[in-house]
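Sequence first, then the predicted structure:
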Amino acid sequence: MAADIPRLYRSHTIELSFLIINIMSSPSKTFRVAIIGGGIGGLFAALSLDWHCKGQVQISVYEQASEYKEIGAGVGIGANATKLLHKIGLGEALEKITGDTEGIWVSFRRFDTGEDVVSVHEDRSQKFRNSPVQRAEFLDLLLATIKERSAASLFTKKCCKHVKVGIAFRSELSLTTSRSLKTT
């Protein structure tokens, strides 16, 4: 299984590259993409597709929650993900909401005394560094950027099941009315 991971990763990378090349080579057709899940991953996927396909894709994001609420705490965005956020034009906005870790990326502490067990330091001179952010602020940033760029249509619908059709999948959504996703 572990030996298959690089092969599987390359396979998916090639498929995604082929998809983007195929979309870019046939501008007369509108390619429609549905993203199931409007969390950090779904919103980032929508922004990335919009950025790389330059508006040649009609993107719909479906989220089961009717609104974003204050959930979770901090999220650690690694240096490679930070680089991708810069690439799609979100670097400056990300830096505004990134917390100051004072050179420590992660610290493990004893539960009973709070004493430091081990801390992992980061090189603060790097252009793309780890970015600790508050989850709700990061979701707000992604959502605001999608709306600002008209990168995707956002809907609330609960996904019931995925059905394999040939080499593709079809997602069947509940019959409840779609509403535009809103923030609180």
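Received, thanks. Everything quoted here is computed from the prediction, not taken from an experiment.

Helix or strand: which one has the residue of the chain positioned farthest from its centre?
Within the chain, the residue lying farthest from the chain centre (C-alpha atoms, centre = their mean) is T113, at 36.0 Å. For T113, there is no helix or strand it lies in under DSSP states H and E.

Return the distance of it relative to D100.
Applying C-beta to C-beta, to the nearest Å, the value for T113 to D100 is 25 Å. Every residue, glycine included, has its C-beta placed from N, CA and C.

Excluding sequence neighbours, find me the nearest residue to I59.
Among residues not flanking I59 along the chain, A152 sits closest, at 3.9 Å (C-beta to C-beta, 6 or more residues apart in numbering).

close enough to count as contact, the one you found and D50?
Yes. Using C-beta atoms under 8 Å, A152 makes contact with D50 at a distance of 6.7 Å.

Now do the shared contacts for the two.
Listed as contacting both A152 and D50 by C-beta atoms under 8 Å, 6 or more residues apart in numbering are I59, I146.

need the contact list for the nearest residue to R110 once chain neighbours are set aside.
Closest residue to R110 in three dimensions, ignoring its sequence neighbours and counting by C-beta to C-beta, 6+ apart: V117, at 6.1 Å. With contact taken as C-beta under 8 Å, 6+ apart, V117 is in contact with F108, R109, R110.

Repeat the analysis, applying 10 Å as the threshold.
Shown in contact with V117 (C-beta atoms under 10 Å, 6 or more residues apart in numbering): S107, F108, R109, R110.

Now which of those residues would you call buried?
Among the contacts of V117, none scores as buried (criterion: 16 or more other C-beta atoms under 10 Å).

out of those residues, who's nearest V133?
Checking the contacts of V117 against V133 by C-beta to C-beta gives S107 as the nearest, at 16.9 Å.

State whether the closest one and S119 are indeed in contact, as I suppose.
Yes. At 4.3 Å, S107 and S119 qualify as touching, with contact defined as C-beta atoms under 10 Å.

which residues are in contact with both of those two?
T101.

tell me the mean pLDDT over stretch 93-108?
Stretch 93-108 carries an average pLDDT of 83.

In contact with the nearest residue to I88 once chain neighbours are set aside, which residues?
Residue nearest to I88 in three dimensions, not counting chain neighbours: W51, with 4.2 Å by C-beta to C-beta, 6+ apart. Applying C-beta under 10 Å, 6+ apart to W51 gives the contacts L84, K87, I88, G89, L90, R149, A151.
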